[in-house]
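Colleague: take a look and give me a structure for this.
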Amino acid sequence: MTSLLADDPRVERPFCRHLEEGLQSLCRDMFREGMPGVRVQKEDVAVGNLLRIVEATLAVSNEKGFAAMSLRDLAGRTGLSMGGIYAYIAGKDDLVALIQTLGGRLTRRVMAEALEPVHSPVPRLRAAIRTHLRLSEALRPWFFFAYMESRLLPAELRAQAINMERDTEAVFAGIVGEGQAQGVFRDLDADIAAGFIKALVQDWYLKHGKHAERGLRVDDYADHVEALALRFLEENR
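Modeller: Model prediction:
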C-alpha cells in the first residue's frame, strides 16, 4: 500500500489497492494530457516522481503546515534535487493544483463507480455515504489537506477547493431530489439536506482522533450517518 494512502487497518485492503491503482492511472492520464510545468519526457519516471512529490507534500504539510513548507523541504523528503523538483513544478501553487486535480478526479471516479449499478434512492444514498467515508479514511491526508489548507490559498485555488467540496454535496443533493420525485423522501430543501450529510461525513476525517479513541471503524460510523440521514429524510413524509 502506498503511503499516499492512510496506513490504517480499518480500511479494506482491496479498496486501498483499487485507489492506489486509480491514482497511478489518473496521474498517467494527466501526464499524457500535458502538464505545462513538467519537463520530463519519460512517462514512467514522471508518473513515479509526481506521486512521490504529492506524497511528500502531504507528509510535510501534516508536520509543519503547507504555508511553512519550502521547496527545499520537499526536495529533502522526496530525495530529488532542487533541479529535479523544478522539472515538475514551478512553485507551490502548482503543488496545490496537482493535489486538487488528482484528488478530485479520483473522488469523482470512485463515487461514480459505486453509484452506477445502484438505482433506487435509499440504496444510492447509502452507497454514496459509505463510499465517501471509505474514501476519506483511505485518503485522509488528501481530504485533511484540501479542507484545512484551502483557507490559506490564493483566491483561484481556494475557489477550486470549494468547488470540489460542492461536487460531493451535489451528488447527495441529486440523490435526495430523486428520492423526493419518487415519493421516498419528504419535501425539504435538497441542497440544505445535502449540506447536513456532508457535515456528518466531514466530521470523520476532521475529528479523526475523537472517533479513533472510541474505537470506531469507518463502516460503523457509516452505519450511524446512514441511519441519521434516512431518519431525517423519511420522517413524516
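Colleague: please make it C-alpha for all contacts and neighbour counts, starting now.
Modeller: Will do.
Colleague: what about residue 39, which SS state?
Modeller: Recorded secondary structure, residue 39: coil (DSSP: H, G, I helix; E, B strand; the rest coil).
Colleague: thought residue 88 was touching it, still the case?
Modeller: Yes: using CA atoms under 8 Å, residue 39 makes contact with residue 88 at a distance of 6.3 Å.
Colleague: more crowded one of these two?
Modeller: Each of residue 39 and residue 88 has its neighbours counted (other CA atoms under 10 Å); residue 88 has more, 20 against 13.
Colleague: how about that one, phi and psi?
Modeller: Main-chain torsions, residue 88, degrees, to the nearest 10: phi -120, psi -30.
Colleague: give me the spatial nearest neighbour of it, chain neighbours excluded.
Modeller: Nearest non-adjacent residue to residue 88, counting by CA to CA, 6 or more residues apart in numbering: residue 38, 4.2 Å away.
Colleague: now the one you found: how far from residue 170?
Modeller: Applying CA to CA, to the nearest Å, the value for residue 38 to residue 170 is 33 Å.
Colleague: can you check residue 29 too?
Modeller: Going from residue 29 to residue 170 by CA to CA gives 25 Å.
Colleague: comparing the two, which residue is more hemmed in?
Modeller: Regarding residue 29 and residue 170, a neighbour count based on other CA under 10 Å identifies residue 170 as having more, with 17 against 12.
Colleague: show me what contacts that one?
Modeller: Applying CA atoms under 8 Å, 6 or more residues apart in numbering to residue 170 gives the contacts 191, 194.
Colleague: let me see the contact set for residue 219.
Modeller: Residues counted as contacts of residue 219 (CA under 8 Å, 6+ apart) are 130, 134.
Colleague: please read off the pLDDT at it from the model.
Modeller: pLDDT, residue 219: 92.
Colleague: same question, residue 182
Modeller: 95.
Colleague: burial of residue 209, as a residue count?
Modeller: Neighbours around residue 209, by other CA under 10 Å: 11.
Colleague: check which helix or strand it maps to.
Modeller: Per DSSP states H and E: residue 209 is located in helix 208-213.
Colleague: what comes up buried for the following helix or strand past that helix?
Modeller: Counting by DSSP H and E, the next helix or strand C-terminal to helix 208-213 is helix 218-234. By 16 or more other CA atoms under 10 Å, the buried positions in helix 218-234 come out as 218, 221, 222, 225, 226, 229, 233, 234.
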